[in-house]
Structures are given as C-alpha cells and as structure tokens.
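# Provide a 3D model corresponding to the input given below.
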Amino acid sequence: MMLLCGNSTAHTCVVAMLLFLFSITVQAQNVRLDSVYHINEIVVDGHKEVSANQVIGYEQIQALPSSSVADALKYMAGVQIKDYGGLGGQKTINVRSLGSQHVGVYLDGVRITNAQNGTVDLGKYSLTTLESVSLFNANKTEMLMTASEYASASTVYLKTHRPDSTSLSASYAYSSFHTHKAAATFSYKNWLLLDAAYTSSVGDYPFEYHTEYEDTTGTRRNSDIKMFRIETCAFWKGFQWHTYYFDSQRGLPGGIVRRLSDTYTDVGREWDRNFFSQLTWREQYGDLSLRAIGKYTNDYLHYRSDYPENISVHSNNKYHQQDIYGAATGAYRFGDFGVSVSSDLRWSDLTCDVKNFHYVYRLDSKTSVSAFYNHRGLNLTASGLYTLVSDHTKGSAKPLSRCTWNMLASYAIGRWQARAFYKSVFRVPTLNDLYYTLVGNRNLKPEYTKQLDLGITYQDNIFNIQLDGYYNRIEDRIVCLPLKGSYQWTMLNYGYTRCLGLDLSVNAHYKNHSLLLTGTFQDDRNRTDPTEDAYNDFIAYSPRWSFTAVYTFIYKGLTASLSHMFVDKRYWTAENAIDDPLTAYNCTDIKVGYRFAPKAWHGHSLTAEAECQDLFDVRYEMIQRWPMPGRRFGITIKYTL
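From the prediction side, this is the model:
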C-alpha cells in the first residue's frame, strides 16, 4: 500500500489516460455506419474565448467528490489552495503565486468582495447550484466586461445553473467525523432556482505529525462547525437576480502545538453571517450591447478567544462591513472593430469594536476603455483602466489614483491557436492593512503586478489542450514584519518577487467519458535584496511541481469519477534555510453514484452516491501545523420529484 501511494501520481494519470483512450477505441469500433443516432440539442455561444482559461463543466462538477468551490479549483493548473483543515477550515485560492488578494472571484459576473481583508473564503460557496467553474489568467475578452474585471491579475467565474424543468429534490449525506448534511433544491422551469443546505460536523479527526524532532499522534479539537446556506436565483429575459445568505458557527482549532496536541486546545470561536443580493441586466440592440449591475452586501464576523482556559490571546471582537456596488457597460461593434466603455462605483464601510479603531468607509471608482479587433484568425484586445480610491476616517490614507493597461493578441490556424498577453494591475491595501489597530500602516503603497504570458492551444471535437509559459513580477509586496522587536509588528511594503512558470491543461470529452489533466511548474523567488540571506529563496507555499488528473464516466444512471492530486514540497518561511519544507504529498479521491428512475415512478428518481476522499490515507498539510484529515467516507441519498 505504501509503495502504491508513493507512486500514485504516475499510476493514476497513466490509468486515467489509458481508460479514456481505450473507451474511445472500443466505442469507435462499435459504430455502425448505417445506424441512425439521435443528437442532443447544441447551444452555440456567439463569443469564442481566446484568452488562457480552464473550465470544469456541470457534469464534471456533479461527479467530483467535493462540497465547495475550492475542491473544484484545486484541479486547475497554476492553482494553489490554502486549506486550514476540516470542513470549517478557511479555503483561499492563489493563482501563479500572485497571492489570494490578486484573484477576483465572480458569481454570475459580479465580484465577491471583502474590503476588510481582501480574501474570499471559497468554503462558503457550494458546487450544487453551479453550471461551471472557470479560471482565466488575466481576464476574459468579452466586450461587455465591467471595469472591475480588468482590475484582477486572475479571475474565477462561477456560473449558476439555469434549470430547464420544474423539480424538487431533497438529500441527506453522512460522512466521516460525525458530519451530517441536509439539503433541498427547487427548480421552476427555466425561471427560478432555490437551494438550501444545513451542515454540522464535530470535525474530530485523528492526525499524525512527524518531523525530525517530534512524533505526535492526536485528535483535532475545537474544529466543529454548524452552517446554514440558502440562495435563490431568478431569470427573466435579460435579467438575473441572485440572493445569498450564509450563517455559521465554528471552532478555530489553531496550529498544533509540539508534544501538547491533546493537552492544549485552542478555544477560539467564530460566528459569520454573510448576505448579498445582486441584480444584473444585459441586452443587445443590433451592434450595440448594454449591461448594468447593482449589488448590496452585508457581512458580520464575531471572533472570540476570551475564555478562562485561554492563557495566551484574549480577544472578543465584532466586525461589520457593508458594500454597495453599481456598474454600467456599453459596447459597440462596427465590422471587425469593437469598443467598450465601463464604469463602476463601490462604497464599502467597516465598523469594529477593537479599541482605538475608528469607523472607516471607502469609495472605489473604476473606469475602463477597451478596443477589439477580429479579422479571420487574428484577435487583438487592448484596454486601459483608471482607478481612484479614497478612504474616509480619522487619519485616513491619502487618496490613490492609478492607470494600468493590458493587451492580448491571438492568431488561429485551423485547430491551433497561438496567443500572448501582457497585463499590469495593482492591489490597493485592504482596510485591515491600513487601519487595523495593532498592525495597520496608513503609509502603505499599492502592490504592483506585471504579467507576461505566451501560450498555444489545440482544440477539436474531443481535446482541448493548452500550454502556457509565463513571467510574473510583484513590486512593493505587502507583508507583515516586526518593526520594533518581536512583539510589535506592522504592515510594510517589502521588495519584489518574480515567478517563471509553465502550465499544461488537457480537457477531453468523448461520449460518456471525460478526462482532465493539468500540470504546473513554477520557480517563484525573492529578488528583493542580494545582500540578504533570503535573496533568491523560494516564496512560501509555492510548490515547484504539481499535477492533477480527473477521470469521469457517465452512462445512463451511473456516474463515477477518479481524481488525483500531487503537490511538491513547499517552503513555509521567508528564509528557506530556517526550517525544512512541507513534504510533497499525493491525494486520491473516488466517487460512485447511481440514479434509479423506473418508468413506474413517473419522473421521480432516487440517487445514491458513495465517495472516499484521500483513499490511501496520506497525512499532509497545506498550511504548516494545520494537518488535513486523512481517509474519509461519505454517503448521500437524494430523492427528486
């Protein structure tokens, strides 16, 4: 078993590829030239995307042994997911080592925001309601993009599944570590989708932690969670209205403590309430296209560690932030040329009961102008973005205004396409970076990112193969460093980093089979000061190599998937020589489901699913001293009428 686990990367990828190719050969040989086949309806989208992108479609999403958006994104090239362990652990995305604040996450074309810390917890968003999950390096090349979409180094798009019939389904799932989940979904024709889920988990999973200096076996404590999510999406002509509510209470187990893991327990608790409602409109009048967006967000966070049992950190604070967003976009096409203009305005505020913290609100205005040219196989896109950010509070930072730009070019010949893009963006310091009482620094400069990408794509009826080489540079990186001794830390701009990388993505579909293979190589280094010991060291949590493979088989009522992920060793300190890196790991998941729908049931159906995550019980960490659960099982029963 250990030998199989150690070589499971190569074994899984080879087996998945052989299964896929074998199935194509067998089914091709069984084709009768005189047979008549029924071809399902095909919907053709008028826009062909030419930028580097990766997509996981609806059937692949449903087949994955996963519960959140983070579980789908981890199979994409160039992606690193930071997972703090367990069902309740925060999950953030980092693309090509640019940092989670440089990744824009969009739900139905509207960005999910957090003015307080700039990150999105992907564990709060379910795959149940999604039509697709896609990742774009740089951004899309659609004409009706909002100005905010040009402001991210990478973009993740979550597209809600629009129902095509009326149905009601209810499900119950039980999985390891005393985890229960009850869910219900109602769909009305192609107009309405309503989805609700309640999940509770004790989260008491066993772990093993081995280093040169310690050998610890224990059980995770204070990692329980209870969460409730309900969301609805309505569709009518060019309108789409999406409302979302999430409520949770969870324990924060903290990093494990050497030789005291079952003696010391972190007692931190967190309560979250997240609500947003967004309305989008899109319409086309001949060569003129228009788009408008409105959104309101209300987020509440309560963090408490102020208990008698806690001898180290005492905290009992509440944070409340609101966000009002509006955007308007217009585009016009004349012949091979097109232009678009977009402007948006975001108002965000933050209140907190931390001592000496003053109420702050931020106005963030963006305007973009873009030009498009498309002639035969040649596509050219250029855009400029102007950003103005001003904060309003006692002793606020100076207003910030900047212009950035990007350019994309591609040329297609038959099934091949060559492309390149250059993009410059900057990250405005978050409200925590600037104003948090203990570490905030009002003199921070924005964090600049420059990206250069060269790629090639091959696409036919079965395969979509993409290969990209890239160079990234981040200037004035925002980090938290000690200013006056080890007990007083502050946010500072510190030097720059550069990353050289190579991404490979293979997405194949043939009848009942699909295969997704990705591979990433990257060399991410600190290039700040040649006189420092950390110069040319690897950036923390950036593996040099990573591979994933996902094979999916769907036949009548049967669905099965086999997925595997390999991540190379990662350093977790700024100076690599200080501590040993986190060890490389392999993780294999499997899921099988069957849908029973006899004719006598008159359209009703019963679906049973079984899954096993981390099949070979590999013990690993994504974050130092935050061990991930080992092998875990789950069973789901779903009834639809």
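# Please make it C-alpha for all contacts and neighbour counts, starting now.
Noted.
# Where do the helices of the stretch 501-641 of the chain begin and end?
Taking DSSP state H, counting those that start in this stretch, the stretch 501-641 of the chain contains no helices at all.
# And the strands in it, which stretches?
513-526, 545-555, 558-567, 585-596, 605-613, 621-623, 626-627, 632-640 (DSSP state E, counting those that start in this stretch).
# do the stretch 1-150 of the chain as well
53-56, 79-83, 91-95, 103-107, 110-111, 130-137.
# What lies in contact with stretch 462-475?
52, 98, 447-459, 495-510 (CA atoms under 8 Å, 6 or more residues apart in numbering).
# and stretch 207-225, how far from the chain's centre?
Stretch 207-225 sits 27 Å away from the centroid of its parent chain (CA atoms, centre = their mean, to the nearest Å).
# my bad, stretch 407-417
Centre to centre, stretch against its chain (CA atoms, centre = their mean), the figure for stretch 407-417 is 27 Å.
# worst average pLDDT in the strands of the stretch 1-150 of the chain?
Note on the strands of the stretch 1-150 of the chain: lowest mean pLDDT is at strand 79-83, with a mean of 86.
# helices or strands up against it?
The contact analysis (3 or more CA pairs under 8 Å, 6 or more residues apart in numbering; DSSP states H and E) places strand 79-83 against helix 69-73, strand 91-95, strand 621-623.
# quick one: strands adjacent to it?
strand 91-95 (antiparallel) (DSSP bridges).
# For the one helix or strand residue 331 maps to, which strands pair with it and how are they oriented?
Using DSSP states H and E, residue 331 sits in strand 316-334. Neighbouring strands of strand 316-334 in its sheet, by DSSP bridges, are strand 288-304 (antiparallel), strand 337-352 (antiparallel).
# buried ones in the shortest one?
Residues of strand 337-352 classed as buried under the neighbour-count rule (16 or more other CA atoms under 10 Å) are 338-352.
# Please export the C-alpha coordinates of it as CSV.
Written as CSV, here are the backbone C-alpha positions of strand 337-352 (Å, rounded to 0.1, in the frame of the first residue of the first chain):
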residue,chain,number,x,y,z
PHE,A,337,-13.7,46.5,-34.8
GLY,A,338,-15.4,47.0,-31.4
VAL,A,339,-15.1,49.4,-28.5
SER,A,340,-16.5,49.2,-25.0
VAL,A,341,-16.6,51.7,-22.1
SER,A,342,-17.4,50.6,-18.5
SER,A,343,-17.6,52.5,-15.2
ASP,A,344,-18.4,51.3,-11.7
LEU,A,345,-18.5,52.7,-8.2
ARG,A,346,-18.2,50.8,-4.9
TRP,A,347,-18.9,52.1,-1.4
SER,A,348,-17.6,49.9,1.4
ASP,A,349,-17.6,50.6,5.2
LEU,A,350,-16.2,48.8,8.2
THR,A,351,-17.1,49.1,11.9
CYS,A,352,-15.3,47.2,14.7
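# Toward the C-terminus, what is the element adjacent to it?
Strand 337-352 is succeeded, C-terminally, by strand 360-375 (DSSP H and E).
# now what about that next one, what contacts it?
143, 146-148, 150, 336-351, 379-394.
# Repeat that for stretch 102-121.
90-95, 100-101, 148-149, 152-160, 278, 293, 321, 348-350, 427, 430-433.
# Quick one: end-to-end distance for that stretch.
Chord length of stretch 102-121, first to last residue, is 14 Å (CA to CA, to the nearest Å).
# Looking at whichever strand or helix holds residue 465 now, give me its mean pLDDT.
Take DSSP H and E as the rule and residue 465 turns out to sit in strand 463-475. Averaged over strand 463-475, pLDDT sits at 95.
# With just CA atoms, put that strand into PDB.
C-alpha atoms of strand 463-475 as PDB (Å, rounded to 0.1, in the frame of the first residue of the first chain):
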ATOM      1  CA  PHE A 463      -9.500  17.500 -27.000                       C
ATOM      2  CA  ASN A 464      -8.800  21.000 -25.700                       C
ATOM      3  CA  ILE A 465      -5.000  21.200 -24.900                       C
ATOM      4  CA  GLN A 466      -3.400  24.400 -23.600                       C
ATOM      5  CA  LEU A 467       0.300  25.100 -22.900                       C
ATOM      6  CA  ASP A 468       1.300  28.400 -21.400                       C
ATOM      7  CA  GLY A 469       4.600  29.900 -20.200                       C
ATOM      8  CA  TYR A 470       4.500  32.900 -18.000                       C
ATOM      9  CA  TYR A 471       6.600  35.500 -16.200                       C
ATOM     10  CA  ASN A 472       5.200  37.400 -13.200                       C
ATOM     11  CA  ARG A 473       6.700  40.200 -11.100                       C
ATOM     12  CA  ILE A 474       5.300  41.800  -8.000                       C
ATOM     13  CA  GLU A 475       6.700  45.100  -6.700                       C
END
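# Parallel or antiparallel, which strands does that strand pair with?
strand 447-459 (antiparallel), strand 496-510 (antiparallel).
# now the shortest one and strand 130-137, what's the angle there?
Regarding strand 447-459 and strand 130-137, their directions subtend 110 degrees when assessed with axes from the mean of the first three to the mean of the last three CA atoms, to 10 degrees.
# repeat for the last one
With the same axes, to 10 degrees as the criterion, the two stretches strand 496-510 and strand 130-137 enclose an angle of 140 degrees.
# Who are the contact partners of residue 569?
So residue 569 contacts 543, 544, 581, 582, 583, 584, 585 (CA under 8 Å, 6+ apart).
# is the closest residue to residue 634 other than its chain neighbours in a bridge, and if so with what?
Nearest residue to residue 634, sequence neighbours excluded (CA to CA, 6 or more residues apart in numbering): residue 175, at 3.9 Å. Per DSSP bridges, the residues bridged to residue 175 are residue 179, residue 634.
# Tell me the spacing between residue 175 and residue 636.
From residue 175 to residue 636 the distance is 9 Å (CA to CA).
# With residue 478 instead?
From residue 478 to residue 636 the distance is 44 Å (CA to CA).
# still on that earlier bit, now the buried members of the contacts of stretch 462-475.
Looks like those have 52, 98, 447-459, 496-510 buried, using 16+ other CA under 10 Å.
# Quick check: end-to-end length of stretch 409-428?
28 Å.
# next one: it to chain centre, how far?
With CA atoms, centre = their mean, you get 21 Å for stretch 409-428.
# For it, list every residue counted as buried.
409-412, 417-428.
# Quick check: mean pLDDT of it?
Here the average pLDDT along stretch 409-428 is 94.
# now do stretch 351-364
On average, stretch 351-364 scores 90.
# Surely residue 149 touches residue 139?
Yes. Under the criterion of CA atoms under 8 Å, residue 149 makes contact with residue 139 at 6.8 Å.
# Quickly list what's touching both of those two.
residue 155.
# Looking at the two now, which is surrounded by more residues?
residue 139 (23 against 20; other CA atoms under 10 Å).
# Quick check: residue 153 vs residue 140, distance?
Residue 153 is 11 Å from residue 140, by CA to CA.
# meant to ask about residue 605
38 Å.
# Show me which of the two is the more surrounded one.
With neighbours defined as other CA under 10 Å, residue 605 and residue 140 compare such that residue 140 has more, 20 against 16.
# Chain neighbours aside, what residue packs nearest to that one?
Residue 140's closest residue in space is residue 51 (CA to CA, 6+ apart), at 6.4 Å.
# Was I right to think that neighbour contacts residue 135?
No. With contacts defined as CA under 8 Å, residue 51 does not count as touching residue 135, sitting 10.5 Å away.
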